[in-house]
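J.: I'd like to go over a predicted model; first the sequence, then the structure.
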Amino acid sequence: MFKQANPTILATATAALLACAGAAHAQPAVGNGVQLYGLVDNVAGRFTGAIGGVNAQSQSVSKIEGGGMSTSHWGLRGNEDLGGGLTASFELSAFFRSDTGAGGRSDALPAPVNVAADPFFSRASWVGLSSPTWGRLRMGTIISQLFLNTINSNAFGDSMTFGPLPLATFTGGVLGGGTSWTNSLVYDTPTYAGVSATLARSLSEAQGGGNVGARIGYANGPLATSLVWQNVKKDPQTFADGTTANDTTAWQLAASYDFDAVKLFAHVGHIQNKGTNIAPQNVGYRVWDLSASLPVGAGRVLAGYAVRKTSDTAAPVPATVAGGNVERRIFSLGYDHNLSKRTDVYTMLMHDSTQTRTLPVPLRVIEASGNSYGIGIRHRF
């Protein structure tokens, strides 16, 4: 069940919304000020399988889903000029399911996972100081560097419904840490000659171990490259820190080049799932992806293909479990048309296939595949 938000938080947020309503815009706050921002995205279509992948018993279901191309969210952010080049800033941002009006992204998971639903401001809740000279320091709940690297360098952005790379990397239970890290301390360097770097640390606070991440990127004209690494040991208590207690390490190398006629993206990466102290594992997953964005009229044709696979002995699971613990392949194709700077409509098609090592003995590999498609509307404010 979705956990009811704290009434005090809701009252505070509502007061802030009313205060900002007259001056809210889609553009970032300039100088001193507070900005209300957000995104609403709904898609109608026919979908096969869960977000973690199809399984042997997946059925196609016609439905309206929230977050076809971007997860719906709203938030507040602001800056204060402290003088001498120093700026104080904050961000508070919450997910919501725009198809039903429920908060967060998911309901709580029961035993043995025991992960609670998203806290109210689980997308982001941080405060920080920044300077053009020494960079930016933030504390709080902050998007992980691996997720940031993934969504900023593929043709489908942050789509957790149709995006091949986000789905192959962050779903299926092989990666720990989720898309945001709570209790984080994050430092971003200034950009020098196109090069920037970030260091992130999520404190354990008696939840197993802590998380460490680092990212370095280069951007100059049409070329962009980046490398990110993370080590996750923190046991999740809510969806904000993921849904698996496994210790994992991961790295990802990304590159893109804009040829004007088409923009190409490529990734290679690796996830090492070490399991837990009680149930250790040593399973390595290779992840790679190719995607492209082709400008057509007032929109873009999007295409992408991602693969996650292992040659190690992954633990067998029932054939009804969503996600392939041996291999998953995702191909997506669609068109995203801009009606304005803030509103777009899209149509997407995705083919998902998995290979899952299943119980009972004798072990065997079950293949499953399915198609999903939909037409959606996305509006930013």
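T.: Here it is on my side, so go on.
J.: pull the number of nearby residues for the closest residue to residue 100 other than its chain neighbours.
T.: Among residues not flanking residue 100 along the chain, residue 66 sits closest, at 7.2 Å (CB to CB, 6 or more residues apart in numbering). To be clear about C-beta, it is placed using only N, CA and C from the backbone, and glycine gets the same treatment. Residues contacting residue 66 under the criterion other CB atoms under 10 Å number 22.
J.: residues contacting residue 66?
T.: The contact partners of residue 66, taken as CB atoms under 8 Å, 6 or more residues apart in numbering, are 41-42, 72, 96-100.
J.: give me the buried entries from the residues you listed.
T.: Buried residues within the contacts of residue 66, defined by neighbour count using 16 or more other CB atoms under 10 Å: 41-42, 72, 96-99.
J.: of the residues you listed, closest to residue 80?
T.: Residue 80 lies nearest to residue 96 out of these, by CB to CB, at 27.6 Å.
J.: any idea how far residue 81 is from the closest residue to residue 86 other than its chain neighbours?
T.: Once flanking residues are discounted, residue 86 sits nearest to residue 131: 5.3 Å by CB to CB, 6+ apart. Residue 131 sits 11 Å away from residue 81, going by CB to CB, to the nearest Å.
J.: quick check: neighbours shared by those two?
T.: Joint contacts of residue 131 and residue 81 (CB under 8 Å, 6+ apart) are residue 87.
J.: tell me where the stretch 51-200 of the chain has strands.
T.: Taking DSSP state E, counting those that start in this stretch to define them, one finds strands in the stretch 51-200 of the chain at 60-66, 73-83, 86-97, 102-103, 124-131, 135-143, 180-188, 195-202.
J.: reformat these as TSV; add mean pLDDT.
T.: TSV is the format used below for the strands of the stretch 51-200 of the chain (pLDDT from 0 to 100):
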stretch	mean pLDDT
strand 60-66	97
strand 73-83	97
strand 86-97	98
strand 102-103	94
strand 124-131	98
strand 135-143	98
strand 180-188	97
strand 195-202	98
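J.: ranking those by burial, who's on top?
T.: Greatest average neighbour count among the strands of the stretch 51-200 of the chain goes to strand 180-188 (a mean of 21), per mean count of other CB atoms under 10 Å.
J.: where does residue 52 fall, phi/psi-wise?
T.: phi -80, psi -10 (degrees, to the nearest 10).
J.: what's the local residue count around it?
T.: By the measure other CB under 10 Å, the count of residues near residue 52 is 20.
J.: next: residue 132.
T.: By other CB under 10 Å, 11 other residues sit near residue 132.
J.: that one against residue 190, yeah?
T.: Yes: if you go by CB atoms under 8 Å, residue 132 and residue 190 touch, sitting 6.3 Å apart.
J.: thinking again about what came up before, if I pick the residue nearest to residue 86, what's in contact with it?
T.: Going by CB under 8 Å, 6+ apart, residue 131 touches 85-87.
J.: one more pass at 10 Å, please.
T.: Each residue near residue 131 by CB atoms under 10 Å, 6 or more residues apart in numbering is listed here: 82, 84-87, 137, 190.
J.: now do residue 282
T.: Going by CB under 10 Å, 6+ apart, residue 282 touches 272-275, 312-313.
J.: just the pLDDT for residue 301.
T.: pLDDT, residue 301: 98.
J.: returning to that earlier point: which PyMOL command selects the buried ones in the contacts of residue 282?
T.: Buried residues among the contacts of residue 282 (16+ other CB under 10 Å), as a PyMOL selection:
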select buried, resi 272+273+274+275
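J.: from the contacts of residue 282, which land in strands?
T.: 272-275 (DSSP state E).
J.: pLDDT and distance to residue 201 added to those residues, as TSV?
T.: Below are the ones in strands among the contacts of residue 282 laid out as TSV (pLDDT from 0 to 100; distance: CB to CB, whole Å):
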residue	pLDDT	distance to residue 201
272	97	20
273	95	22
274	95	19
275	92	23
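J.: redo the residues you listed as TSV? Include distance to residue 380.
T.: Putting those into TSV (distance: CB to CB, whole Å) gives the following:
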residue	distance to residue 380
272	37
273	36
274	39
275	40
